[in-house]
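Participant: Using only what follows, build the 3D model:
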Amino acid sequence: MSAAGDDDTLRLFVACDLPDETRRAVEAWQRTAFAGHEGLRLNHALHITLAFLGKVAAARLPALTAALSRVRVRPCEVAVTEPVFLPVRGPKRVVALRLADRDGELTRLHADVTAALSGAGLFEAPERPWAPHLTVARFRRPGQPFSLQNVNIPWSCVVRVVLYSSLLERAGAVHTPLAVFTAS
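Facilitator: The predicted model follows:
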């Protein structure tokens, strides 16, 4: 199967990359926090998802890129706060780390990205409110919460937005950057 898929579609999402030092700190926390929990698959593609677009015709890529290029990306100060199990109700499928948004800039960026994509007819925002987080692990089968250690990762500054394609493989998703938008 090609990166675009058999039907010439791409599985796309828009995300903020983490600074290298933050990514390394989260990876170190993952190794410690999940040691001995074999029912989990660690997420090594750490990012802050702003908009999950799903399957999109490859021919729409120029329009997506154009819409995103109109969004002003400003540096966003974020901090990892606490681990949570998702969904909130029912069997858990994901372990995530909540994020604090120091000055609201990340929330503004999310709103601007979704508005630009929606305005171009390229995205329909989900009904539930956006909650900034990092997905750090997925249960292989729906599971139950367990005790997790606290997270102590300092504030960091996010400075770029990336349009990614995501190809689902047996070992996990492979994310490929298609366009990068840096803070001005």
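Participant: contacting residues around stretch 105-122?
Facilitator: 14, 16, 48, 50-51, 53, 56, 60, 63-64, 66-68, 70-78, 99, 101, 123-125, 130, 132, 158, 161 (Cβ atoms under 8 Å, 6 or more residues apart in numbering). Placement of C-beta: from N, CA and C, glycine included.
Participant: hmm, which of these are the buried ones?
Facilitator: Buried residues within the contacts of stretch 105-122, defined by neighbour count using 16 or more other Cβ atoms under 10 Å: 14, 16, 48, 50-51, 53, 56, 60, 64, 67-68, 71, 73, 76, 78, 99, 101, 123, 132, 158, 161.
Participant: Need the residue closest to the centroid of the chain.
Facilitator: The residue lying closest to the centre of the chain (Cα atoms, centre = their mean) is T49, at 2.8 Å.
Participant: Against A96, how distant is it?
Facilitator: 11 Å (Cβ to Cβ, to the nearest Å).
Participant: Overlap in contacts, those two.
Facilitator: Joint contacts of T49 and A96 (Cβ under 8 Å, 6+ apart) are T135.
Participant: just to revisit the earlier point, the residue nearest to the centre of the chain and D7, how far apart?
Facilitator: Distance from T49 to D7, by Cβ to Cβ: 24 Å.
Participant: same thing with L178?
Facilitator: Separation of L178 from D7 (Cβ to Cβ) stands at 18 Å.
Participant: Which one's more surrounded, the two?
Facilitator: Neighbour totals were compared for L178 and D7, and L178 leads with 16 against 8 (other Cβ atoms under 10 Å).
Participant: I appreciate the help and will end here.
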